[in-house]
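>>> Okay, here's the prediction I keep looking at, along with the sequence it came from:
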There are 4 protein chains.
Amino acid sequence: MNMFTENTARLLITCEDRPGIVQAVSSFLYHQGANITALDQYATEAQGGQYFMRVEFELDHLATRLDTLTSTFGKNVADKYAMEWKLNSVSDVKKVGILVSKVDHALLELLWRHSRGSLPCEITQVISNHETLRDKVERFGIPFHVVPVDKDNKVEAYAKIDEMMQGNDLLVLARYMQILSEDFVEKWPQKIINIHHSFLPAFVGANPYKQAHEKGVKLIGATAHYVTADLDQGPIIEQDVERVSHDYSIEQLRELGEDVERNVLARAVRWHLEDRVIVDGNKTIVFD
Amino acid sequence: MNMFTENTARLLITCEDRPGIVQAVSSFLYHQGANITALDQYATEAQGGQYFMRVEFELDHLATRLDTLTSTFGKNVADKYAMEWKLNSVSDVKKVGILVSKVDHALLELLWRHSRGSLPCEITQVISNHETLRDKVERFGIPFHVVPVDKDNKVEAYAKIDEMMQGNDLLVLARYMQILSEDFVEKWPQKIINIHHSFLPAFVGANPYKQAHEKGVKLIGATAHYVTADLDQGPIIEQDVERVSHDYSIEQLRELGEDVERNVLARAVRWHLEDRVIVDGNKTIVFD
Amino acid sequence: MNMFTENTARLLITCEDRPGIVQAVSSFLYHQGANITALDQYATEAQGGQYFMRVEFELDHLATRLDTLTSTFGKNVADKYAMEWKLNSVSDVKKVGILVSKVDHALLELLWRHSRGSLPCEITQVISNHETLRDKVERFGIPFHVVPVDKDNKVEAYAKIDEMMQGNDLLVLARYMQILSEDFVEKWPQKIINIHHSFLPAFVGANPYKQAHEKGVKLIGATAHYVTADLDQGPIIEQDVERVSHDYSIEQLRELGEDVERNVLARAVRWHLEDRVIVDGNKTIVFD
Amino acid sequence: MNMFTENTARLLITCEDRPGIVQAVSSFLYHQGANITALDQYATEAQGGQYFMRVEFELDHLATRLDTLTSTFGKNVADKYAMEWKLNSVSDVKKVGILVSKVDHALLELLWRHSRGSLPCEITQVISNHETLRDKVERFGIPFHVVPVDKDNKVEAYAKIDEMMQGNDLLVLARYMQILSEDFVEKWPQKIINIHHSFLPAFVGANPYKQAHEKGVKLIGATAHYVTADLDQGPIIEQDVERVSHDYSIEQLRELGEDVERNVLARAVRWHLEDRVIVDGNKTIVFD
């Protein structure tokens, strides 16, 4: 896990698997004068499989050279291999908007980690459907807005949220207890991360801790995933669990579960911000 | 976790929750001259809830006094509180029969732990629907029998297995890849433990590692549960998980998962043998 | 894990192990009209061993009956068995003072858990040897005081802290980077909990993350323990670890380790507040 | 985690860190017609740091081309960067000798994993200082030899073991309760893996479970490390822990700890066999 400088860049690549990709990418970077500081790759097993690559490199004077580097890479390497790709400078800090309802644990974990410098992003604003958390958010110096949502104003509400969130690179649902409209979700593909309070695919839908209690499971968990139009079915980024026993009430499951949720969400958001996650259909590649 | 002697006994109690039960049981034992070495209790939260208790105690000359102790406890205490209960001497070693198909990991873990003295039981026999594991079982000095099962002989096959297993206190399905008949299951209530190769209730049914691979989960697990007529729905005794990543093939998920399975099954069987598990509807109380 | 009411009390007992203790305690409580809701016991193995017990019970009108209950128990039961014991009403909320230096993670975890009602105590004040964290503490509505400590004023400084902390039931060192004087420690026996940033007894002393980095360990941990005059040697209450690899810098070990620290400390403090911890020489009994 | 074929090779490299290494290695392999299937790298942070690389690749007709490939790589790439390196074909199965005393858990785990194909090596023989485990080893079809060691015959004993083990690539101490002579250890540099029954550096030396019991730790662990002349101080390959509580006797700590030991040792040996471990002074780089 490298330390980053203003000359650090990251390149994410998806393409058809074939020989020579590492060679092509590393030769390109070498001849540009870059030093590769991290390189991860993965290829799916199937014939005609997909290939995924993440490269982190240092290049002197990155800021002034990034545009040329990008266009040259596209022409000389990416086109040849029909790559989907993106090249980011670590200095181009990503913008993150947060949606939340009334419970604070996931939100505060993100705000606190951000305030101590361990979430590399700018948190632009927090939007809630309730006033409850205004004070806790504003203490961190972050704007807080309320957009009420009820069954009659969904279209307008999500249109407004979409408008307010323009310019963000990522939306995080830090326990936002509303189901986003399909329309909204399609506008933010692979750009919304949700924390679900169960070990998916177990206990989809409402009240997972109640479901877990009724089923008598011995572990409870949480799942961070990208949001798609299929509720609770988007690509999983991270999961974790904690051990429980028969004598946990639903309330105690919830309390312990919230500790899992905030850690799982924080890891998933950080990995996304560090360009460690690539979506492959309904799954993710995570180069952590 | 106490060491056991030939004078150790265990009392398991389920009854309606009301004041005075601890006092009644401990006074009874005290006046019999017993020394309580472990005591666990649990009461469900609901009004008119259920009460569960496990007591381990030492009593001199237990063997000769057990019958009288049992009948006196029934008359003087259990009847008064309408208890369901059982009282066992640790010296009355439980008899266990194992059912297995072709894969050996769960079976060998049980046989090895038994051979080193850490599964307190007698393993009477292993029955399989295949010859595959005969040699590995017989090396441990344990009888191995084959009862073939196919779609046409299920009634006879399960009748035969039921007959052969008579006298056992517990049956363990150590990856037995046949679905037991409802009739068979009803003859062995709360006396059959199965290991399922997923974190139930996720991935019920066939090929859980394939399902896990397709879903892209980041943890894989295993679940030991009592077998009921509802496939994969019986009361859960123990579960555990291991972390995996995108680059695990189905085969690699299976290999890692088998390590989880054997540990989860061994713990569940041991807890059952030590009278630590009480079934409460579709859930278990585990006093571990 | 029971829910508590204003009628919940807890009884902690240490005495020489002999038969009849459970019976004596449960009979006493039964005849007072109490209902035992949790009971844990432990006896050391040695001959002439020690016996430890924790009982949680409900008694109507506890507040008005607590004094009589306490004196009667002392006379009728505790004296007979030469018990060390304490009997607390859950309603008598414990008072906690916190000592901290400059880093905020452990402190904020405690303040946040307290603010959401999951640390059952009153946090009376935070004392630091630096101004750094004033704002973060006062936002929670908790008094913050600075008592500078340097090599020349230790006696006065600790005398002042001792005086300011009078009336508290527990002191928590949430990363207080000063070594308390022996004199101070002796005034607060089993009443100071410290979080050490290593898996003790590995890496005692200064800079444990640097030590861990140099040694190349594959897990880093944290330890919450009672403070005694022997630095880093007091009875351990709780420990946990996280997996790391060769590519963690000291700074990254520290960042991950701080997550372990805050969870371990929060659990230890909570268990102490819930009267779940009994000290036995240089070790603890934790009835969690 | 790739599946391996007879055309899979692995290249391990250590050299001074400088730009262009990935490019040089991947270009070489590309022009030889190889397909890189895994690539890991790590550079120490310090100025003038060290660089470590592991590459897995497929090359048609590897067996007949390996010698040429090796000499060409040496001349064209390795010499230029002053690399320490090795290039292995996965088909050249490594030879492993095991040393053991009387307890069987670590040994049986290795033999069982080997027998099901999940330890990629040939186990050539087991040498013990006791007869105890002969039967269990020979059942797996593996030669078992006894070389008694006492305080008077150490020189001869280790000379004999060294002679008998000639031709092996790795020695595994699967709970061998003798301290190897310095002379012996120096003949097998980074070629002896030991399992220590504690979370090193805590509890070095004898009776770690007794030490852990006396200290009252809440986690017990195990450590697999390369053996050096400094007892219990060699480079750590893998560690893990399990949670325990006050009521574990030394014997119960040992029993649970043995489960940790066998898993930790099995992982360390497998990683070594898959060329995933590089020693860097007193630490290891593990590309798992």
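Looks like it arrived, so ask away. Numbering: from 1, shown residues only, chains lettered A, B, ... in the order given.
>>> tell me which element A:Lys95 falls in.
Assessed by DSSP states H and E, A:Lys95 sits inside strand A:94-100.
>>> right, is that strand up against chain C?
No: judged by Cβ under 8 Å from any Cβ of the partner chain, strand A:94-100 stays clear of chain C, getting no closer than 15.0 Å. C-betas here are computed from N, CA, C, even on glycine.
>>> What are the buried residues along that strand?
A:94, A:96-100 (16 or more other Cβ atoms under 10 Å in any protein chain shown).
>>> Is it possible to get TSV of these that adds pLDDT?
Formatted as TSV, the buried residues of strand A:94-100 follow (pLDDT from 0 to 100):
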residue	pLDDT
A:Lys94	97
A:Val96	98
A:Gly97	98
A:Ile98	98
A:Leu99	98
A:Val100	98
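>>> tell me, which of those residues make contact with chain D?
Counting by Cβ under 8 Å from any Cβ, no member of these is near chain D.
>>> What's the local residue count around A:His225?
23 (other Cβ atoms under 10 Å in any protein chain shown).
>>> Repeat that for A:Asn2.
16.
>>> Then the one 4 residues further on?
Taking other Cβ under 10 Å as the neighbour definition, A:Glu6 ends up with a count of 11.
>>> my read is it is in a strand, agree?
No: note on A:Glu6: no strand contains this position according to DSSP: H, G, I helix; E, B strand; the rest coil, which reports coil.
>>> wait, isn't it in contact with A:Val90?
Yes: counting by Cβ atoms under 8 Å, A:Glu6 does reach A:Val90; the two are 7.4 Å apart.
>>> longest helix of chain A?
In chain A, with assignment by DSSP state H, the single longest helix is helix A:250-273.
>>> does it come close to chain C?
Yes: residues of helix A:250-273 are located near chain C by Cβ under 8 Å from any Cβ, namely A:251-252, A:255, A:259, A:263.
>>> filter those to the buried ones?
A:252, A:255, A:259, A:263.
>>> Reformat these as TSV; add distance to chain D and pLDDT.
Putting these into TSV (distance: Cβ to the nearest Cβ, whole Å; pLDDT from 0 to 100) gives the following:
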residue	distance to chain D	pLDDT
A:Gln252	19	94
A:Glu255	20	94
A:Asp259	16	95
A:Asn263	18	96
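>>> mind giving me the domain ranges of chain A?
Here the domain assignment for chain A is A:8-89, A:94-286, based on automatic domain parsing.
>>> what's the most buried one of these?
domain A:94-286 (a mean of 19; mean count of other Cβ atoms under 10 Å in any protein chain shown).
>>> measure it end to end?
18 Å (Cα to Cα, to the nearest Å).
>>> Would you pull up how far it lies from the middle of the chain?
10 Å (Cα atoms, centre = their mean, to the nearest Å).
>>> do that domain and chain B meet?
Yes: contact of domain A:94-286 with chain B (Cβ under 8 Å from any Cβ) involves A:199-203, A:214-219, A:221, A:235-241, A:245-247, A:249, A:280, A:282-286.
>>> all strands in chain A, in order from the N-terminus.
A:8-16, A:35-43, A:50-58, A:84-89, A:94-100, A:121-128, A:144-146, A:170-173, A:192-196, A:219-226, A:236-243, A:277-280, A:283-286 (DSSP state E).
>>> okay if I get those strands as TSV plus distance to D:Ala174?
Shown next, in TSV, are the strands of chain A (distance: least, Cβ to Cβ, whole Å):
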stretch	distance to D:Ala174
strand A:8-16	43
strand A:35-43	34
strand A:50-58	38
strand A:84-89	48
strand A:94-100	50
strand A:121-128	48
strand A:144-146	60
strand A:170-173	48
strand A:192-196	43
strand A:219-226	32
strand A:236-243	30
strand A:277-280	40
strand A:283-286	35
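>>> can you tell which of those is closest to B:Leu180?
Smallest distance to B:Leu180 across the strands of chain A (Cβ to Cβ): 26.1 Å, for strand A:219-226.
>>> Run me through the strand neighbours of the closest one, direction for each.
With DSSP bridges as the test, strand A:219-226 is paired with strand A:192-196 (antiparallel), strand A:236-243 (antiparallel).
>>> List the contacts of the first one.
Applying Cβ atoms under 8 Å, 6 or more residues apart in numbering or on different chains, the set of residues contacting strand A:192-196 from outside is A:106, A:170-176, A:180, A:185, A:208, A:222-227, A:232, A:234, A:237, A:261, A:264-265, A:268-269, A:272.
>>> at 7 Å instead, please
Residues outside strand A:192-196 that contact it (Cβ atoms under 7 Å, 6 or more residues apart in numbering or on different chains): A:106, A:170-175, A:185, A:222-227, A:232, A:237, A:261, A:264-265, A:268-269, A:272.
>>> CA atoms of that strand as CSV?
What follows is strand A:192-196, C-alpha atoms only, in CSV (Å, rounded to 0.1, in the frame of the first residue of the first chain):
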residue,chain,number,x,y,z
ILE,A,192,-23.9,4.7,-6.0
ILE,A,193,-22.7,2.6,-3.0
ASN,A,194,-25.2,1.2,-0.5
ILE,A,195,-24.7,-0.5,2.8
HIS,A,196,-27.2,-3.3,3.4
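>>> just to revisit the earlier point, can you redo the strands paired with strand A:219-226 as a markdown table with mean pLDDT?
Output for these, formatted as a markdown table (pLDDT from 0 to 100):
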| stretch | mean pLDDT |
| --- | --- |
| strand A:192-196 | 97 |
| strand A:236-243 | 97 |
